[in-house]
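Peer 1: I need the structure of the sequence given here:
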Amino acid sequence: MRGGGYTILILTDKDSWLFPYLDDLAEEWEASGHTCQIANKETEINKANGAKFCFCLGFGQIVSDEFRSSFKNTLIVHESELPKGRGWAPMTWQILEGKKQIPVTLLEAENAVDSGRVYLREYIELKGTELNPDWRNLQGKATQRLCREWINTYPAVLEKATKQLGEPSFYGRRNKKDSELNLEKSINEQFNLLRVVDNRRYPAFFKVGGETFRLTIEKEVN
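Peer 2: Okay, here's the model as predicted:
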């Protein structure tokens, strides 16, 4: 597609764990003849760049109507069977619920969080032993595939758009305190919590005698 590609913007948080996957995707698009820019906030974007599509990936803010009007489509990827599971950290919440099949959905961004038209969906299959780096890798690659498919099949992909039907449910934000272990429960009972913690950014911890102790978890490689 050299010489006839699209101009694409990827908007992501500066410290997003997704960045290496997005950087690889941007390089792939550039090599295919597209023009791709990665930015961390709306104010960093050169509005004269004429981007046709914007992918908001690993981006924790809702973008404005005015911002979205600059593009043909503004797209997000969300890991739930929408409209169920709108909101924050859906994959983490579902792993905590013990789910082993996680939907990954590409949809249009709208004012109401995760409420837009759905274009594409695939599923991540989990064994139930994947730790944070493992399932994040599956999530990152699924995000790449959906974004790649959308660009590769545009404009035909627009015909796949479906409205979300049913009563929505919402997941709340998670923070570091959600990684606290309960000393009254067994490791087996809390294994899913150990699967979702990040050893560096939000490690598992517990408190004894007024003191706090961190606990890291790694999978032994045979």
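Peer 1: okay, CA-based contacts and neighbour counts for the rest of this
Peer 2: OK.
Peer 1: Can you report the mean pLDDT over the residues of stretch 70-87?
Peer 2: Averaged across stretch 70-87, the pLDDT comes to 97.
Peer 1: Ok, stretch 162-176 next?
Peer 2: In the prediction, stretch 162-176 has an average pLDDT of 97.
Peer 1: cool, and stretch 141-158?
Peer 2: Stretch 141-158 shows a mean pLDDT of 98.
Peer 1: I'd like the distance from it to the chain centre, please.
Peer 2: For stretch 141-158, the separation from the chain centroid amounts to 15 Å (computed by Cα atoms, centre = their mean, to the nearest Å).
Peer 1: Now it - C-alpha only, CSV.
Peer 2: What follows is stretch 141-158, C-alpha atoms only, in CSV (Å, rounded to 0.1, in the frame of the first residue of the first chain):
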residue,chain,number,x,y,z
LYS,A,141,-1.4,-9.4,20.6
ALA,A,142,-5.2,-9.5,20.4
THR,A,143,-5.2,-5.7,20.4
GLN,A,144,-2.7,-5.7,17.5
ARG,A,145,-4.7,-8.2,15.5
LEU,A,146,-8.0,-6.4,15.9
CYS,A,147,-6.5,-3.0,14.9
ARG,A,148,-4.6,-4.6,12.0
GLU,A,149,-7.8,-6.3,10.8
TRP,A,150,-9.8,-3.0,11.0
ILE,A,151,-7.2,-1.1,8.9
ASN,A,152,-6.7,-4.0,6.4
THR,A,153,-10.5,-4.4,5.8
TYR,A,154,-11.6,-0.7,5.8
PRO,A,155,-14.1,0.4,4.6
ALA,A,156,-15.8,-3.0,4.4
VAL,A,157,-15.4,-3.4,8.1
LEU,A,158,-17.9,-0.6,8.7
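Peer 1: buried sites along that stretch?
Peer 2: When burial is assessed from 16 or more other Cα atoms under 10 Å, stretch 141-158 yields the following buried residues: 141-144, 146-147, 150-151.
Peer 1: Which elements pack onto the longest helix seen in the chain?
Peer 2: Secondary structure of the chain read by DSSP state H shows that its longest helix is helix 132-153. Taking 3 or more Cα pairs under 8 Å, 6 or more residues apart in numbering; DSSP states H and E as contact, the helices and strands that helix 132-153 lies on are helix 19-31, strand 101-108, strand 118-125.
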